[in-house]
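Novice: Turn this into a structure:
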Amino acid sequence: MQSAGADTFDEAYYKRFYFDKKTKVVDPQHVERLGAFICAYLRYLRVPVRRVLDVGCGIGLWKDIVERHFPGASYRGVELSEYLCGRYGWERGSVVDYEARSPFDFVICQGVLPYLNPADLKRALQNLGRLSQGALYLEAVTHEDFERDIVDEDLTDPNLYRHRASVYRRGLAQNFREVGGGLWLSRQTEVPLYSLELAAE
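Specialist: Model (predicted):
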């Protein structure tokens, strides 16, 4: 199977999963709570956040959160969908091969990677390591999440790849350390952490 292409993420896709009250999977209040947690944890860890990349930014739910918690930080939204780039003015690009002149302090990648086939997923995980010099927030449903029946399959896009959690962890381990809650710290950052603040490696 191929990774999902730009034509997948058309107006009908966003109407179903984001705008229609009966079928949407996105809860803005959930994203607000999540964003408050992640941003507070970054401040607690003293990770400096001046430049933020939201790759696969969708309708831009993280933009206001970043601006509220890190006033003065620049926010760059990157999106594969031509429809969303036209509607919101995002920069066109893919997590698989997006390039920037310099790495970002905080990279957000929410709900994007399960749309990639194994080869593209491997490339994307390596690319996230190049794009982040500070923190990465990553959210992706895994094979185990479906097995444990914590994914609502009536609402979830059936076209997702069900990669195992170990695939994500292996792909990130070269460039990041896992600190919980979906947050990863770049191995380039010099943030001192207690042993129990880190996931076992």
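
Novice: Tell me how far stretch 135-142 lies from the chain's centre.
Specialist: Averaging C-alpha positions (C-alpha atoms, centre = their mean, to the nearest Å) puts stretch 135-142 5 Å from its chain's average.

Novice: who does the residue nearest the centre of the chain bridge with?
Specialist: Nearest residue to the geometric centre of the chain (C-alpha atoms, centre = their mean): Cys109, 1.3 Å. Assessed by DSSP bridges, Cys109 has beta-bridge partners Leu138.

Novice: residues touching it, list them.
Specialist: For Cys109, the contact set (C-beta atoms under 8 Å, 6 or more residues apart in numbering) comprises 55-56, 95, 128, 136-140. The way it works is simple: take the backbone N, C-alpha and C, and place the C-beta from them, glycine included.

Novice: what about it, distance to Ala199?
Specialist: 18 Å (C-beta to C-beta, to the nearest Å).

Novice: Then Phe104?
Specialist: Phe104 is 22 Å from Ala199, where distance means C-beta to C-beta.

Novice: repeat for Leu138
Specialist: Counting by C-beta to C-beta - Leu138 and Ala199 are separated by 13 Å.

Novice: Likewise for Val112?
Specialist: From Val112 over to Ala199 (counting by C-beta to C-beta), the distance is 21 Å.

Novice: Poorly predicted segments of the chain, please.
Specialist: Screening the chain residue by residue with the criterion pLDDT under 70, one finds the ranges 1.

Novice: So which residues of it form strands?
Specialist: Counting by DSSP state E, the chain has strands at residues 51-55, 74-79, 91-92, 104-110, 132-139, 176-180, 183-186.

Novice: for these, which one sits closest to Ala6?
Specialist: Each of the strands of the chain was checked against Ala6 via C-beta to C-beta, and the shortest separation belongs to strand 91-92, namely 8.5 Å.

Novice: what's that closest one in contact with?
Specialist: Identification of contacts with strand 91-92 by C-beta under 8 Å, 6+ apart yields 76-80, 82, 85.

Novice: Please list only the buried members of these.
Specialist: Neighbour-count burial (16 or more other C-beta atoms under 10 Å) applied to these gives 76-80, 85.
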